[in-house]
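> This is a predicted model, with the sequence first.
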Amino acid sequence: MNSFKFNRYDEGKNYLVTFTFIITCMTLLILFFAVCGYRYSFFSVGYSLLFLTKYAVYLSIFALALALVSIGYSIKHYKKFTNILTSISLLVINLTIVSFFYTKILDMRSNPMINDISTDYNDLLEFKLYKDHNFLEDEHFLIQRFGGFKLPNYNIEPLLLSGVSKENIFNKSLIILKNMGLEITYQNIDEGLIEALEKSFWYGFEDDMIIRIEELISNDIIINVRSASRTGRSDFGKNSERIKSYFTLISK
């Protein structure tokens with residue numbers, strides 16, 4: 001039986017490695033254009049996500065398959081060790097891309113097509129700055145009020161706190177929101193209102209959050225929150241996660 005080894009000095013070319021490298025570079029370039037194109041308003045969200053990103057992921061799947069074949073080819077023909085190292089690197093890059101977007105697809109399918117979550121749908125908080133959120137389509141509002149918030153992770157109720165002052169909760173909320181990575185866009189302690197903005201890391205999708213802190217006759221504090229996305233019909237569950245994270249931190 002022949003001994004298994006890699007020939008460091010083999011001058012034979014593994015063109016699969018080269019082809020995989022080219023496809024991977026094309027994938028990264030298309031993703032770069034998709035991200036930057038939307039962030040800087042060159043492309044619409046539909047073109048960036050449903051066209052550029054979609055076909056970049058298809059290319060990445062193709063490159064992933066090529067990398068696997070390239071690794072097998074290099075092992076079978078005892079090609080240079082650098083060939084298999086390059087193929088493994090390309091495999092990891094494309095596996096990361098495919099896994100990332102596959103996770104996002106699962107998030108989208110496991111959450112209802114809702115992008116606006118509130119703790120109170122009867123007395124819906126209205127935003128002071130980005131007022132487009134205040135004009136809901138009837139159909140979408142009915143889904144939110146009678147469908148979405150009853151589904152897993154969407155049954156979020158107002159938070160009631162005892163033994164604390166409104167001023168203390170207001171100031172603590174400002175710190176918490178900043179630590180969560182949100183930018184404070186509006187604050188008024190007399191109204192008990194705080195608005196904040198969060199941008200996603202890659203595409204720069206913008207979500208608005210408004211908090212209303214009220215003192216009851218019993219001297220307890222009740223907090224209502226609304227978190228809404230400016231773009232898209234699905235928020236991948238991010239708005240509900242944001243509200244629950246804030247409630248967890250403010251309750252400590």
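Cool, the structure landed. Keep in mind the model is a prediction, meaning the values are calculated, not measured. Numbering: from 1, shown residues only.
> Going by C-alpha atoms from here, please, whenever you check contacts or count neighbours.
Will do.
> Show me the contact partners of the host helix or strand of L28.
Assessed by DSSP states H and E, L28 sits inside helix 15-39. With contacts defined as C-alpha atoms under 8 Å, 6 or more residues apart in numbering, helix 15-39 is touched by 43-45, 48-49, 52-53, 56-57, 59-60, 63-64, 66-67, 69-70, 83, 86-87, 90, 94, 202-204.
> where does the stretch 1-150 of the chain have low pLDDT?
Residues of the stretch 1-150 of the chain meeting the criterion pLDDT under 70: 1-13, 77-79, 137-150.
> hmm, back to that, list the buried ones in the helix holding L28?
16-18, 20-21, 23-28, 30-39 (16 or more other C-alpha atoms under 10 Å).
> what do you get for stretch 112-129?
P112, M113, I114, N115, D116, I117, S118, T119, D120, L125, F127, K128.
> Checking my notes, the third one in a helix, right?
No: under the criterion used here (DSSP: H, G, I helix; E, B strand; the rest coil), I114 is coil, not part of a helix.
> Touching, it and T231? I think so.
No: contact criterion C-alpha atoms under 8 Å: I114 and T231 do not qualify, at 11.0 Å.
> If you drop the residues flanking it in sequence, what lies closest to the residue nearest the centre of the chain?
Geometric centre of the chain, nearest residue: S200, 6.2 Å, by C-alpha atoms, centre = their mean. Computed as C-alpha to C-alpha, 6 or more residues apart in numbering, the closest residue to S200 that is not its neighbour in sequence is E206, at 6.6 Å.
> State the number of residues packed around the one you found.
Residues within reach of E206, counting by other C-alpha atoms under 10 Å, total 13.
> Do I have it right that it meets E198?
Yes: in this structure E206 lies within contact range of E198 using C-alpha under 8 Å: 5.7 Å.
> Let's verify E126: helix, strand, or coil?
Taking three-state DSSP, the label given to E126 is coil.
> wait, doesn't D120 sit right on P158?
Yes: D120 lies in contact with P158 (C-alpha under 8 Å); the separation is 7.1 Å.
> shared neighbours of those two, anything?
N224, V225.
> who's in contact with L64?
T20, L90, L91, N94, L95.
> quick revisit: check contacts around the residue nearest to S200.
By C-alpha under 8 Å, 6+ apart, the neighbours of E206 are L197, E198, K199, S200, S229, R230, T231.
> How about the first one: which residues does it bridge to?
Residues found in beta-bridge contact with L197 (criterion: DSSP bridges) are E183, D208.
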